Structures are given as structure tokens and as C-alpha cells.
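1. Give me a model of this one.
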Amino acid sequence: MTTSCIINNFNYGHFCQEAIRSALAQTVPFKEIIVIDDGSTDDSVEKLREQFSAEPRVKIITQKNGGMLSTHNRGFLESTGDALFFLDADDLYVPQRVQTVLQIMERDPRIGLVFSPFTVFGDTSGTMYTRKSRSSRMRRLRQDQQIPSQDLEFGPTFNDAYYHRNW
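-> Coordinates of the predicted model:
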């Protein structure tokens, strides 16, 4: 099974290089890494071309600003892989991400979408929103804190987008 990584970028020149490096460092390599720049006004495109123009698996595409969904749609149209991985420019993949997802998909070919908990990283702590009931609640995370998957629940935005195809 071939894999494509689609990275959306808008003014994340200071993060996107690390995101691409994490995609390149996979234990099971991506066939292609497609970066869709969504009309950035910072130096993102220059930094990306300077750093990755010699890497044949990285394809940098620029477009007029249209929002995150437009970058996902464009990446989908540009991709040639059997399995698509979406990575935001300010996030990182652990080196075993592709390998783990492919193993899950091989165990049950009916699986069409895989998502996972995340770890907060960087110099500051972050927040994560969960919906355990009708009222939303916010949980504060410490740097590098792992959230157990049983504690994660996605709110209506995730459900509408992925399950009901309501963008």
C-alpha cells in the first residue's frame, strides 16, 4: 500500500520544516509528501523551497488562500497514494506513525479512518477540548503529557466532518 502525506500550511514557516522532517523520518517511508501552502504571507514558501527542493518526495504547491479544507481537497487531488495522512504544519509525527496505522488497517480492511490521541510538545503547555457530556470542558495539559485514548472524545466538528461529511 502506497502512502501520501498531505501537509497544510498557512504562515507556519517557523514550524513547517519540522513537520516535513517528521514525515521524512518515518520507519515506513511515505511515497510522497505534498505541502499545500494556502497563500502564506510570511516566508514559509521560501524556507520550504530552500530546505526541501532537492528532496524528490516533497512536493510544494502554492495556492490562493482558501482555508484548511481547500488545502485538504487540493492535497487529495494531487496525491497518488492508496492511504492518505493529513499533518498540520505545526504538528509532528512520531517515527512509527505510518507503520502503526498501516498495521491497524491490515488487521481490518474495513477501516477507512484512523485517528489517535496526541502529546503536547514545545516550550509551553497547551489545551485540549473534550466532550464527555453535553457541556464542553477543557483539560489543561503539561508539556509532553500523553492523553489516554479512552479520555478522548471529539465534538461535533469532528463528527460532522468525518462521519456525516458535513463541512
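
2. which SSE is Asn8 in?
-> Per DSSP states H and E, Asn8 falls inside strand 3-9.

3. What helices and strands are in contact with that strand?
-> helix 13-24, strand 32-38, helix 68-78, strand 83-88 (3 or more C-beta pairs under 8 Å, 6 or more residues apart in numbering; DSSP states H and E). For every residue, glycine as well, the C-beta is placed using N, CA and C.

4. Buried residues, the longest one. List them.
-> The neighbour-count criterion (16 or more other C-beta atoms under 10 Å) identifies Gly13, Phe15, Cys16, Gln17, Ala19, Ile20, Ser22, Ala23, Leu24 as the buried residues of helix 13-24.

5. Run through who's touching that helix.
-> With C-beta atoms under 8 Å, 6 or more residues apart in numbering as the test, helix 13-24 has contacts from 5, 7, 9, 12, 30, 33, 35, 40, 42-48, 51-52, 55, 57-58, 85, 87-95.

6. which of these are buried?
-> Neighbour-count burial (16+ other C-beta under 10 Å) is assigned, among the contacts of helix 13-24, to 5, 7, 9, 12, 30, 33, 35, 40, 44-45, 47-48, 52, 57-58, 85, 87-89, 92-93.

7. what stretches of the protein score poorly on pLDDT?
-> Within the chain, the stretches with pLDDT under 70 are 117-167.

8. 90 instead?
-> The chain contains residues with pLDDT under 90 at 13-14, 104-105, 107-167.

9. distance of the nearest residue to Phe52 once chain neighbours are set aside from Arg21?
-> Take Phe52 and drop its neighbours on the chain: the residue closest to it by C-beta to C-beta, 6 or more residues apart in numbering is Val58, 4.2 Å away. Val58 sits 10 Å away from Arg21, taking C-beta to C-beta, to the nearest Å as the criterion.

10. okay but Phe76 is in contact with Ile6, surely?
-> Yes. Using C-beta atoms under 8 Å, Phe76 is in contact with Ile6, at 7.1 Å.

11. what residues do those two have in common as contacts?
-> Both Phe76 and Ile6 are in contact with Leu84, where contact means C-beta under 8 Å, 6+ apart.
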